[in-house]
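Trainee: Quick one, structure for this:
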Amino acid sequence: MRENFVFSSGYFGDPEMATVHAEVYLDPNFLWKIRALEGNKIRAGSSEGVSLSLINGLIFHMGQTGFKVIEKPKPNFDNWEDELVDFLESDTWEPVLTEFFFYLYPVRLTFLQGPQTDEFYTLSYGPRAMGFNSLDLNIKDPTQPGQIAKFFQVGETAYIETLCGDKILINGQPFTQHPIESGDQLSFGANLVELSILK
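Mentor: You can find the predicted model right below:
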């Protein structure tokens with residue numbers, strides 16, 4: 001539990017518990033308590049009330065769900081290194097899948113026309129997304145969509161994928177996905193961008 005934790009029917013899957021049933025809090029004496037909210041009740045034994053002190057071993061109910069207060073003992077470590085080792089050994093450390101990769105050959109985007117003329121982006125990792133006001137590859141032209149294109153890699157080949165339909169063209173042609181080659185020209189609105197593979 002943590003201070004201001006709210007017990008709700010949605011969290012516990014109990015239709016007889018209220019949507020906002022009760023809240024855990026620290027009183028002025030730094031004692032943990034629970035109070036019912038919005039006219040609800042908390043049952044302890046055969047009695048109902050609006051507030052309880054969360055003493056170790058207390059069993060209470062809300063709706064059809066029962067709870068028992070258990071105080072977890074603090075680990076007995078001599079130093080923080082032992083505590084860290086215990087934490088690392090106790091975690092299951094399931095692998096997390098990610099799309100992240102490094103380009104075999106970086107991709108450079110050089111702006112030839114538009115508000116960012118003479119600027120460039122060099123992509124050394126991906127996937128990357130480009131768009132107006134993007135936190136990744138920012139396009140400063142406010143007439144352009146927030147999502148214009150995505151850059152990714154399959155095997156050793158870098159690709160570009162449209163995220164805005166035919167509002168973006170490569171070498172003057174609409175596309176869905178396109179393997180990038182040096183000299184490709186990307187156009188969207190007043191912007192012209194040359195793509196190149198750095199080897």
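Trainee: Buried residues in the lengthiest helix in the chain, which are they?
Mentor: Counting residues, the longest helix in the chain under DSSP state H turns out to be helix 80-90. Buried residues in helix 80-90, defined by neighbour count with 16 or more other CB atoms under 10 Å: none. (Glycine included, C-beta is placed from N, CA and C.)
Trainee: Report the distance from that helix to the chain centre.
Mentor: 26 Å (CA atoms, centre = their mean, to the nearest Å).
Trainee: What average pLDDT does the helix or strand just after it get?
Mentor: As assigned by DSSP states H and E, the chain's next helix or strand after helix 80-90 is strand 101-113. Strand 101-113 comes out with an average pLDDT of 95.
Trainee: how far out from the middle of the chain is stretch 171-180?
Mentor: 31 Å.
Trainee: Pull up the distance across it, start to finish.
Mentor: Start and end residues of stretch 171-180 are separated by 11 Å (CA to CA, to the nearest Å).
Trainee: any idea which residue of this protein is furthest from its center?
Mentor: Here the chain reaches farthest from its C-alpha mean at residue 46, the gap being 44.2 Å by CA atoms, centre = their mean.
Trainee: CA atoms only: put the least confident helix or strand in the chain by mean pLDDT into CSV for me.
Mentor: Using mean pLDDT, DSSP states H and E, helix 80-90 stands out as the lowest-scoring helix or strand of the chain, at a mean of 80. Provided in CSV are the C-alpha atoms of helix 80-90 (Å, rounded to 0.1, in the frame of the first residue of the first chain):
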residue,chain,number,x,y,z
TRP,A,80,23.5,-1.6,0.2
GLU,A,81,25.5,-3.9,-2.0
ASP,A,82,24.0,-7.0,-0.4
GLU,A,83,20.5,-5.5,-0.7
LEU,A,84,21.2,-4.8,-4.4
VAL,A,85,22.4,-8.4,-5.0
ASP,A,86,19.3,-9.8,-3.3
PHE,A,87,17.0,-7.6,-5.5
LEU,A,88,18.8,-8.6,-8.7
GLU,A,89,18.7,-12.3,-7.8
SER,A,90,15.0,-12.2,-6.8
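Trainee: and the closest residue to residue 3 other than its chain neighbours, how many neighbours does it have?
Mentor: Sequence neighbours aside, residue 26 is the residue nearest to residue 3 in space, at 5.6 Å (criterion: CB to CB, 6 or more residues apart in numbering). A total of 11 residues lie near residue 26 under the criterion other CB atoms under 10 Å.
Trainee: Report the separation between the closest residue to residue 156 other than its chain neighbours and residue 173.
Mentor: Take residue 156 and drop its neighbours on the chain: the residue closest to it by CB to CB, 6+ apart is residue 104, 4.9 Å away. Distance of residue 104 to residue 173, given as CB to CB, to the nearest Å: 26 Å.
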